[in-house]
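>>> with the sequence up front, the predicted model follows.
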Amino acid sequence: PAETAQRFLAGIRIVLDQGLPYDFEYPLDVPGGRRWFRARGRRIRASDTGNPLSLWSISDLTERKATEEALVRQSRRLELLSRTSQQLNAVLEAPAVLRALVASGMDLVDGTGGTAGMWTGEAMRFTEYNRDGLIQSIDSALAPGEGVPGMVAETRRSYLINDPEKEPRLASAVEDLGIRNLINVPILSREGALLGCLEVHNKRWGEAFDEADVSMLEGLASSAAVALENAHLLHERLQAEAELRRLKEFNEDIIQSMGEGIVVQDRLGRFTFVNPAAADMLGYAADELLGEPWIKVVPPDQHTIVKEVDAKREAGGASRYELEFVRKDGVRLPALVSGNPRFEDGRFTGMLAVFADISDRARAEESLRASEARFRAFFTHAAIGIALADQDGEILEANAALHSMLGYSGEELKGRLQWDLMHAEDAAVGRRLHEEVCAGRRQPYQIETRYCHRAGHVLDTRLTVSLVPRPASEPTSSIWMIEDVTERMRAESALRE
């Protein structure tokens, strides 16, 4: 070729005129393809005339050039693979990892199209296709054994084909995507679990893919597997953190909205948390109590209770007790307290206490005690006979007036049935009426009936029976009020006569 000839002429002049050696490389198109040669020239003198001549040696560099080009190409690929692996590991979301994987795979093996699928456990799902850098949305899922991805999912082995028209399972892909050749490699975790696959199509310039291309994509898929696992772990972590935040907010909402007071104390008894209900019950703003010791809201006469409970808490014991707080305005607040110790790494760090205002209950209990005292005074000192009986009519307790009326002591009356003390002709009616009252079929009633004195004589009485109010969980009992009307009945009879 003219260009190579000119280089030869220039080389000859340098060798002859300057006496310097000269060499250069050049290609030649020969039958069978292009070959590379090296020409080396040096000056010599002719043996007969002594004039300078140039001596040239020509060597074939074709194989060496091919090796060098392969090494350069391999080096470029390895550099690209290393750079791409680092880039993949910097991506933190699975879709972005797959997109970067496809673009890098196409660049690595000079492909013009490609896609990557995620293994769902049942199918290989594809959502994007890269055609010369243009991303197209797709929606495809291939089960094991279905298409090349399904085959790779089944075998967990890479697949290379340069004549796809001979593969029946590629018929639709050849027609739809114009595939001339392809490589599909599985993406496997370090434990060998299938994560997905990478598929690259159509090597540029009409060339065929080879095993070196497969090796490159397998290396890339290994890096992608690490990136996908990291992305999955990050996704799980972010989900867990989001769930923890949600639970924390939910718990805080519950604590802030609870009607019971909630406080947290450190190991020295200082408040580190006070919910709105606790602050409101104690008459303070929450900020006024933070950092303050518990003695600020507990009067001195209650300190012993708290100290005894605190000693148990440090040993790990929970507690439930009644305590009186003192509000900011000086008013006492009776409360039911439930406390639990808090530990970190086995070290006592304080306690959490929940308390409820039992002022209403205390007032109700006081009212009940007063009512019971009034009833007891009435029961004890009443001029008429009074007895408490269970639902079977058995006497539980009787007052002194009834003892005197019937001639029995309290111990003798206790356990006796009411109708056993009545006149035989009145006992059946008394029993029936009592059973109807206890069953709710009759309202409290009043009748005139006869009782028998221990000495044997008969007493005319006015009997009033009613149920004692009680919680549903307690057994039925009744109160019997017996008034001796014998003298009145005799007087009325005498007047009639």
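Here it is on my side, so go on. Residues are numbered from 1 along each chain as shown.

>>> assign the residue nearest the centre of the chain to helix, strand or coil.
Residue closest to the mean C-alpha point of the chain, counted by Cα atoms, centre = their mean, is Glu243 at 5.3 Å. Three-state call for Glu243 (DSSP: H, G, I helix; E, B strand; the rest coil): helix.

>>> how far away is it from Phe250?
Separation of Glu243 from Phe250 (Cβ to Cβ, to the nearest Å): 10 Å. No exception for glycine: its C-beta is placed from N, CA and C like everyone else's.

>>> contacts only, for the residue lying closest to Asp139 once chain neighbours are set aside.
In space, and not counting its chain neighbours, Asp139 is closest to Thr127: 6.5 Å by Cβ to Cβ, 6 or more residues apart in numbering. Listed by Cβ atoms under 8 Å, 6 or more residues apart in numbering, the contact partners of Thr127 are 95, 137-139.

>>> so Arg35: helix, strand or coil?
Under three-state DSSP, the three-state class of Arg35 is strand.

>>> correct me, but it touches Asp60?
Yes: distance between Arg35 and Asp60: 6.4 Å, which falls inside the contact criterion (Cβ atoms under 8 Å).

>>> neighbour-wise, which of these two wins?
Arg35 (16 against 12; other Cβ atoms under 10 Å).

>>> nearest residue to the more buried one other than its sequence neighbours?
Arg35 sits nearest to Thr62 (Cβ to Cβ, 6+ apart), 4.3 Å away.

>>> next: Arg156.
Spatially, and ignoring its direct neighbours in sequence, Arg156 is nearest to Pro186 (5.2 Å; Cβ to Cβ, 6+ apart).

>>> what count of nearby residues applies to the one you found?
Applying other Cβ under 10 Å, we find 24 other residues in the vicinity of Pro186.

>>> that one against Val152, yeah?
Yes: the pair Pro186 / Val152 is scored as a contact, 5.2 Å apart, by Cβ under 8 Å.

>>> and stretch 295-315, how far apart are its ends?
Stretch 295-315 stretches 21 Å from its first residue to its last (Cα to Cα, to the nearest Å).

>>> contacts for it?
With contacts defined as Cβ under 8 Å, 6+ apart, stretch 295-315 is touched by 269, 282, 284, 289, 294, 319, 321, 323-327, 332, 339-341, 348, 351.

>>> strands - which of these land there?
319, 321, 323-326, 332, 339-341, 348, 351 (DSSP state E).

>>> and those, which two are furthest apart?
Greatest spacing in these, by Cβ to Cβ: Arg332 and Phe348 (29.7 Å).

>>> and Leu336, which of the three is it?
Secondary structure assignment for Leu336 (three-state DSSP): strand.

>>> not counting sequence-adjacent ones, nearest residue to Tyr284?
Per Cβ to Cβ, 6+ apart, closest to Tyr284 is Lys328, 5.2 Å.

>>> list the contacts for the one you found?
Neighbours of Lys328 in contact, by Cβ under 8 Å, 6+ apart: 282-284, 288.

>>> closest to Glu3 out of these?
Closest to Glu3, out of all of the contacts of Lys328 and judged by Cβ to Cβ, is Glu288, at 95.4 Å.

>>> what about Val331, neighbour count?
For Val331, the neighbour count with other Cβ under 10 Å is 10.

>>> show me where pLDDT drops low in this structure?
Residue ranges of the chain with pLDDT under 70: 46-47, 70-78, 80-91.

>>> how about Gly330, phi and psi?
phi 90, psi -10 (degrees, to the nearest 10).

>>> ends of stretch 12-30, how far apart?
As for stretch 12-30, its first-to-last residue distance stands at 24 Å under the measure Cα to Cα.

>>> returning to that earlier point: from the contact counts, what lies against the helix or strand containing the residue nearest to Arg156?
Taking DSSP states H and E as the criterion, Pro186 maps to strand 182-188. Other helices and strands packing on strand 182-188, by 3 or more Cβ pairs under 8 Å, 6 or more residues apart in numbering; DSSP states H and E, are helix 147-155, strand 159-161, strand 194-203, helix 211-257.

>>> surely Asp460 meets Glu448?
Yes: Asp460 lies in contact with Glu448 (Cβ under 8 Å); the separation is 6.9 Å.

>>> between these two, what contacts are shared?
Joint contacts of Asp460 and Glu448 (Cβ under 8 Å, 6+ apart) are Val485.

>>> who has more neighbours, the two?
Under the criterion of other Cβ under 10 Å, the comparison of Asp460 against Glu448 puts Asp460 first, with 18 against 12.

>>> quick one: that one is in a strand?
Yes: using three-state DSSP, the assignment for Asp460 is a strand.
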